[in-house]
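1. Provided below are the primary sequence and the corresponding predicted coordinates.
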Amino acid sequence: MEISRDLIAGMTIAIGAIAPALSIGRLAAAAMEALGRNPEAERGISTNLIVALAFTEAIAIYALVVALAIKFVA
Amino acid sequence: MRKIIIAILIALLVIANVFTPYKITSVHIQMRPEVVLSIGSFGVTNTLLTGVLAAVVLLVIGWLATRRLVDAPAAHSLQNAIEGAFELLYGYIESFAGEHARAFFPLLVCFFLYILTSNWLSLVPGVGSIVVTVGDGAATETVPLLRSATSDLSGTLALATISVIASQVFGVRFRGWWRHFTRFVAIDRFVTFFRDLFRGRHPSPSMLLQGVLDLFIGLLEIFEELTKVLSFGFRLFGNVFGGEVLLLVMAFLAPYVASLPFMAIETLTGFIQAFIFTVLSAAFFARATSSQEEAAPSDVATSQESVVA
């Protein structure tokens, strides 16, 4: 029982982190490209990037919350 | 020379770390906040205590900064620092909140300061490590006295609920209750259709179809408001609680040295999450109150259709 719980908690965050990781990579790549093309717009790009990253990261955080709940909530 | 001293210090830390008698032997992690004292049937949790503490910290800083207000504060005075910070914040919030930024600013800056203080309080030594023994007789338990208010799911959900309700209030205030209401129960196209019908004009039947579609979109909007509470609450809670678990596990695996970079990361995360909560609230307030979108296309469509008819 205990082993399967740990395993499921680990898999939850491992699988749940894949998609956000890929999307964060894409977002950062696009932002870098935009910065390279238009360095004056740095302020706007970086603020928008942070907000978009937070949205994306939230998906990984949901997986983390679920994993923590599986692990620590009886 | 300095590098050698730093290297020796780190080496000493590592050696002390290996031979220290003060090792964390077990990690106690619990999602639910611990009840530290009860007033009647009301259990005061450690997160509630720390929330009050955060508010007190903010009040004291505010009192210190506004005690002797002057027109031209000295460069290194607290008043100057706070004014600078507020100006910076106002600039950011204005860039997201648009035309009504002045009305939103007090609430948003409250969110920011409270969340930031709560997040950073969880990194202060003593928070989480000062423990008290609660319970009576046989069932005693050792629990931390203080725990960051944002590491409690109830706390973050409460903040999220306040944000969503505030966006409704602002929406009604700046757009009128009818236009705000029809964003969720989108019957305005039906109203236009039947008004045109009864006045003897011939509205195109495609408008009815569009009206049904609007109703569906309105349903989605209602769902969006509800999921917004969850996503706001879970994002903040997950970041702060996850950070605390990370620090605890790091302190358990390799005390003293290994936790330090994670402390730095958590400081940054605490700031970014407070900022994100504020900026997203600002963006949603702006969306709930903006006067041009949504209304404009349907007006244009109506006038075009009547021209065609």
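-> Happy to help now that I have it.
2. The helix or strand harbouring A:I61 and chain B in contact?
-> Assigning secondary structure by DSSP states H and E places A:I61 in helix A:42-72. Yes: applying C-beta under 8 Å from any C-beta of the partner chain, one finds that helix A:42-72 is in contact with chain B at A:47, A:50-51, A:54, A:57-58, A:61-62, A:64-65, A:68-69, A:72. Quick note: C-beta positions are derived from backbone N, CA and C, even for glycine.
3. Write the ChimeraX selection for whichever of the residues you listed are buried.
-> With 16 or more other C-beta atoms under 10 Å in any protein chain shown as the burial test, the buried ones among those are selected in ChimeraX as follows:
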select /A:51,54,57,58,61,62,64,65,68,72
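4. tell me the contacts of A:A54?
-> Going by C-beta atoms under 8 Å, 6 or more residues apart in numbering or on different chains, A:A54 touches B:R235, B:I272, B:Q273, B:I276, B:L280.
5. Find me the pLDDT at A:A28, would you?
-> Predicted confidence (pLDDT) for A:A28: 93.
6. which ones are touching B:G98?
-> For B:G98, the contact set (C-beta under 8 Å, 6+ apart) comprises B:A286, B:S290.
7. Break down chain B into its helices, ranges please.
-> Secondary structure of chain B (DSSP state H): helices at B:2-19, B:46-66, B:78-97, B:101-121, B:153-175, B:177-184, B:188-198, B:206-253, B:259-289, B:295-308.
8. for the record, mean pLDDT for the last one?
-> If I follow you right, that is helix B:295-308. Computed over helix B:295-308, the mean pLDDT rounds to 43.
9. Spatially central, which residue of chain A would that be?
-> A:E57 (3.0 Å; C-alpha atoms, centre = their mean).
10. my guess is it contacts A:A21, does it?
-> No: taking contacts as C-beta atoms under 8 Å, A:E57 lies outside contact range of A:A21: 9.8 Å.
11. what sits up against stretch B:280-290?
-> A:51, A:54, B:93, B:96-101, B:104, B:107-108, B:111, B:163-164, B:166-168, B:170-171, B:173-175, B:180, B:228, B:232.
12. again, 7 Å this time
-> B:93, B:96-98, B:100, B:104, B:108, B:111, B:163, B:167, B:170-171, B:174-175, B:228 (C-beta atoms under 7 Å, 6 or more residues apart in numbering or on different chains).
13. How far away from the center of its chain is it?
-> 14 Å (C-alpha atoms, centre = their mean, to the nearest Å).
14. And for stretch B:259-277?
-> Distance of stretch B:259-277 from its chain centroid, counting by C-alpha atoms, centre = their mean, is 14 Å.
15. Kindly export that stretch (C-alpha atoms) in CSV.
-> Taking Å, rounded to 0.1, in the frame of the first residue of the first chain, the C-alpha atoms of stretch B:259-277 are listed here in CSV:
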residue,chain,number,x,y,z
SER,B,259,19.6,24.6,1.8
LEU,B,260,21.2,28.0,1.2
PRO,B,261,20.7,28.2,-2.6
PHE,B,262,17.2,27.0,-2.2
MET,B,263,16.6,29.8,0.3
ALA,B,264,17.6,32.2,-2.4
ILE,B,265,15.3,30.6,-4.9
GLU,B,266,12.4,30.7,-2.4
THR,B,267,13.0,34.4,-1.7
LEU,B,268,12.6,35.0,-5.4
THR,B,269,9.6,32.7,-5.8
GLY,B,270,7.9,34.4,-2.9
PHE,B,271,8.3,37.7,-4.6
ILE,B,272,7.3,36.4,-8.0
GLN,B,273,4.2,34.7,-6.7
ALA,B,274,3.0,37.8,-4.9
PHE,B,275,3.6,39.8,-8.1
ILE,B,276,1.8,37.2,-10.2
PHE,B,277,-1.2,37.2,-8.0
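16. could you give the mean pLDDT of it?
-> Averaged across stretch B:259-277, pLDDT comes to 88.
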